[in-house]
Structures are given as C-alpha cells and as structure tokens.
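K.L.:
structure for this input, please:
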Amino acid sequence: MIQFRKAVTVQVDRRMSSCWNRSVYPEKSVFHVKHTLLRISASLATLFFVILVTGCGAQFASPEGWAPPVEYGNRTILLQGEGGRLALIDGRMKSSEEPFWWYPERVAEVSDSGGGFLSGLFGGSSGDDWSSDPFYARPLVVPGDVLYVVSTSGILRKLSSLNGITESPSEVWALEIGEVVISTPALLGSSIFVGTDEGSLLKISDATGQIEAKWDIGVGRIWSSLQIYNDDLLVVDIGEGTFMRISGKSGEIIDSVNLGGGVPGDGLLVGDSMYFGTFGGQVHRVNLKDFSIDWSVSGNGWFAGPFVSKGAKVYAATTRGSVLCLDSSTGSIVWSKNIPESNFRSRPAIVGNDLVLADREGALLGLDADTGSVRWTSRVDDEVYADLFIHEGQILLLSKSHALFVIDANSGAIRTVFTGE
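P.N.:
Predicted structure coming up:
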C-alpha cells in the first residue's frame, strides 16, 4: 500500500516510492511498428501510474514476501523469512520441519513509526545482529556455496557456507551502498554489479566488497534483475523503459532501445532474444544482436510479472487477469484467457503441460499450456507476490507471511512444507 499524508490510500501495482523525477518518455521512439496510438495509450497508462506513486509521504510497499526461494547447495532451498532473515530447508520437503539454520540467528527490534522499508534503512550492520531489513532482490547463489544478499536499504552481503549446509553461513564482507536496491545483482568475472532505485550501476569487487566504479547510466529506477549477455550487462529501467547493453569493464552503453513503457519485472532471456512486458500493456521481443524490436503485442493490463517459455511459446499474464500464450517467433497470439477479478504479478510456472499461475490474493489456477483451458483452481490463505519456483519438478510457492507450499501441477493440491516460523 502507498500511504499519503492526506486521508487517501491507494494500492499500486508493485514496489513503489515517493516520486518520479524524470519525464516518462523521450521525444524520440525506436518503435518500428504502428505505434502512434500505442504511444499515447502507454503514456497515459504510465502517467496514471506516476500520479498514483507521486506525493509527499508515499512509501514502498513492504518487501516481505517478494523475493522467491532459490536452490542453494545440494538439494536445499533458501528462502526469506520475517525481517529479511534467511532460512535453509531440506529440498526433499517430506514434512514441515525446522530449517537447517536461520541467518542471522536473531534480529534486533527497530521502532518504525513511518512503516515500509524505512524500518531497516542502514540499520543492518555486519555481523549476526541485524535490524529488520528485508529484501526484494532474489538471493544470488554461485557455485561453491557462496551467496550474495542485498537488502532494500542497500546493504550487500557476501556469505559463505564452506563449513557445510548444516551450519549457519559466515559473512565474508558487507557493504552499505547508500541507495535503495530492488534489482537482483549479477556476477560478471570478478565483480558484482548492482542496479539501484536511483538509476546507479555499481561495480563491486567480489574479493573485497569495495566499490570499483559507480556509473550514472542516464535512466530512472532499476527494478528488473541485471542479466548477463556475452560478457556484457543487460539493464532496463522502470520509469522510461530504456533497455541497454552495458560494458561491465567501462560502463559504456553499447546499445539501447526504448520500449515505450516502464518495465517492472525481469526480462526473459532466451538465446539472442529478450522478452519484456511493460506498464504500457505491451509485450516486446528484442533482438540482442542489433537491439531492434522484432515484434510487439498489446495486452489487457500491466505486465508486472516476468514471463515463462516452453519450446516456441511464451506465456504472459497481466494485473487485469489476462493470460496470453504467444508464438515466440512471430508474436502471434496462440490463445488468450481472461480470468475475471484476477491480478497476476508473479512469474507463472510450467511443469509438463500444466501452466500454473498465482493471483495476488492467493488464488491458484492450472491451465492447459497448449489450449488455455482451465484444469483446476485452488487457493492459499495469504497474499502472493513472489515468483513461482520449480525445484526437482515440483512447484513451490512462497507467501507474503513466508510460508512455503508445494503445488501439485496436475491437480492443484497444496501441501505446506514450511510455516515461516
């Protein structure tokens, strides 16, 4: 929720803050489609979004429940608990058991009269005694049982579990970036790259945790995860929808294209193509070889969550309950489905021929991936923001209150494997 100083409360689509200080669109567009009306529509949609999130005293929605679980080590699942604590659980998930460990083991109490992410702003010093400082960014796991966690307040930590998964990890180093971070970092060579909510791109030494470079890349806020393509960085912003290929060595912008609408979710990287959904209600395929837009398709609502693909098909869902199956080569609509009163924000999951989606309010839906026909419906009694996650053929769902569920893709049956406590 965004809370204004006046007696007004507005629910917005994703993670929000107080003001956008950049223009929505540049004068020049790189679209080579029939885009005049689309630009007007996208501008109005993004302008409405800007009005919603602008105003003194507006704050981010709480990060609790946003970051999805990840695989860590041998058959184990790492997830975020209350206050940004990390829990490692058995990936076999035979029963609801205690985690192997919590990190940190305790969290200091912090008074927060303002609400939102500000409760942890620069409160989490290094060591085991953190202030409550949850994160939007997905933990970044690399071979060798090393992981990187960056909190919303901008504290990046490198952790190591070289002593085995049954022991709590040790902190290698911690860095206070000084800016809000929502985007998941990327590891390229011997450096960690972090994009911030102020549009900065930081290059950080993996060995020491020291900032090697900080670049202003000339865009607004970065919410989507940083991605790697041919030893370069792929970055897109949520304000203007500028998608860029950036050199990790120099910070030079090698290529760029305007998508005609802000991008809140992660892009889907498949080979030499990147698929995006925008607040302008558009799906785009960008050719990474020349940074041209191969095709664009209009949808009903904002594309706030990431896409999934299977074979030659791409699946996308909107905040208005519209689900699209697209031909990845041409952008033609294979099938579409409207789910009334639904709001899809998280990434769907595909197991076999089952496409599973989670509504923000906890409603679950199983569709035939080939036809879009409804196979089953189900529900968890909590809000859902995190992307659905597949582990050894099972679909995992992490709720806002940090409970972890296994969803049977064939029937919709739900089993609780972790209560979040």
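K.L.:
list the buried ones in the helix or strand residue 416 falls within?
P.N.:
Taking DSSP states H and E as the definition, one finds residue 416 inside strand 414-418. Within strand 414-418, the residues that qualify as buried by neighbour count (16 or more other CB atoms under 10 Å) are 417, 418. For the C-beta atoms, the positions are set from N, CA and C on the backbone; glycine is no exception.
K.L.:
mind listing what it pairs with, with the direction of each?
P.N.:
Strand 414-418 pairs in its sheet with strand 404-407 (antiparallel), by DSSP bridges.
K.L.:
got the CA coordinates for the partner strand in PDB?
P.N.:
The C-alpha trace of strand 404-407 is given here as PDB (Å, rounded to 0.1, in the frame of the first residue of the first chain):
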ATOM      1  CA  LEU A 404       6.300 -22.300   1.700                       C
ATOM      2  CA  PHE A 405       3.800 -24.600  -0.200                       C
ATOM      3  CA  VAL A 406       4.200 -27.300  -2.700                       C
ATOM      4  CA  ILE A 407       1.700 -27.200  -5.500                       C
END
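K.L.:
which residues touch that strand?
P.N.:
The contact list for strand 404-407, computed with CB atoms under 8 Å, 6 or more residues apart in numbering, reads 69, 77, 79, 89, 93, 356, 364, 378, 380, 388, 394-399, 413-418, 420.
K.L.:
swap in stretch 304-314?
P.N.:
Contacts for stretch 304-314 (CB under 8 Å, 6+ apart): 13-14, 264-268, 270, 275, 277, 279, 283, 315-319, 325-329, 334, 344-350, 355, 369, 387.
K.L.:
can you select the buried ones among these for me in ChimeraX?
P.N.:
Applying 16+ other CB under 10 Å to these leaves a buried subset, and the ChimeraX line that selects it is:
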select :13,14,264,265,266,267,268,275,277,279,283,315,316,317,318,319,325,326,328,334,344,345,346,347,348,349,350,355,369,387
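K.L.:
now, of the contacts of strand 404-407, which are buried?
P.N.:
Counted by 16+ other CB under 10 Å, the contacts of strand 404-407 give 69, 77, 79, 89, 93, 356, 364, 378, 380, 388, 394-399, 417-418, 420 as buried.
K.L.:
any idea how far whatever helix or strand residue 102 lives in is from the chain center?
P.N.:
Using DSSP H and E, residue 102 sits within strand 101-103. Distance of strand 101-103 from the chain centroid (CA atoms, centre = their mean, to the nearest Å) equals 23 Å.
K.L.:
with stretch 236-253 instead?
P.N.:
That offset, for stretch 236-253, works out to 17 Å (CA atoms, centre = their mean).
K.L.:
what's the first-to-last distance across that stretch?
P.N.:
For stretch 236-253, the first-to-last residue distance is 12 Å (CA to CA, to the nearest Å).
K.L.:
any idea of the mean pLDDT for stretch 355-370?
P.N.:
In this model, stretch 355-370 carries a mean pLDDT of 96.
K.L.:
for that stretch, which positions count as buried?
P.N.:
Residues of stretch 355-370 classed as buried: 355-360, 362-367, 369 (neighbour count, 16+ other CB under 10 Å).
K.L.:
and for stretch 217-226?
P.N.:
Across stretch 217-226, burial judged by 16+ other CB under 10 Å covers 217, 219, 220, 221, 222, 223, 224, 225, 226.
K.L.:
what residues are bridge-paired with the residue lying closest to the first one once chain neighbours are set aside?
P.N.:
This points to residue 217. By the measure of CB to CB, 6 or more residues apart in numbering, the closest residue to residue 217 outside its immediate chain neighbours is residue 201, 5.3 Å from it. Counting by DSSP bridges, residue 201 forms beta bridges with residue 195, residue 215.
K.L.:
how about the strands in the stretch 51-200 of the chain?
P.N.:
Remark: strands assigned in the stretch 51-200 of the chain by DSSP state E, counting those that start in this stretch are 70-71, 76-80, 86-90, 101-103, 106-108, 129-131, 140-142, 146-150, 155-160, 170-176, 186-188, 191-195, 200-205.
K.L.:
want to throw the ones you listed into CSV with distance to residue 213?
P.N.:
Shown next, in CSV, are these (distance: least, CB to CB, whole Å):
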stretch, distance to residue 213
strand 70-71, 27
strand 76-80, 29
strand 86-90, 28
strand 101-103, 29
strand 106-108, 33
strand 129-131, 28
strand 140-142, 19
strand 146-150, 17
strand 155-160, 15
strand 170-176, 14
strand 186-188, 13
strand 191-195, 9
strand 200-205, 4
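K.L.:
mind listing what residue 270 touches?
P.N.:
Per CB under 8 Å, 6+ apart, neighbours of residue 270: 309, 328.
K.L.:
ok, the one 3 residues further on next?
P.N.:
When contacts are counted by CB under 8 Å, 6+ apart, residue 273 touches 285, 286, 287, 288, 294, 328.
K.L.:
please redo it, this time with the cut-off set to 6 Å
P.N.:
Going by CB atoms under 6 Å, 6 or more residues apart in numbering, residue 273 touches residue 285.
K.L.:
give me the phi and psi for it.
P.N.:
phi -130, psi 150 (degrees, to the nearest 10).
K.L.:
next one: the one 5 residues further on
P.N.:
Residue 278 adopts backbone torsions of phi -120, psi 170, taken as degrees, to the nearest 10.
K.L.:
wait, it sits on residue 261?
P.N.:
Yes. Judged on CB atoms under 6 Å, residue 278 makes contact with residue 261 at a distance of 3.2 Å.
K.L.:
of these two, who's got more company?
P.N.:
residue 261 (30 against 26; other CB atoms under 10 Å).
K.L.:
and the gap between the more buried one and residue 299?
P.N.:
Computed as CB to CB, to the nearest Å, the residue 261 to residue 299 distance reads 11 Å.
K.L.:
re the thing from before, run the chain-centre distance for the strand holding residue 416.
P.N.:
23 Å.
K.L.:
what angle separates it from strand 86-90?
P.N.:
Angle of strand 414-418 versus strand 86-90, following axes from the mean of the first three to the mean of the last three CA atoms, to 10 degrees, is 120 degrees.
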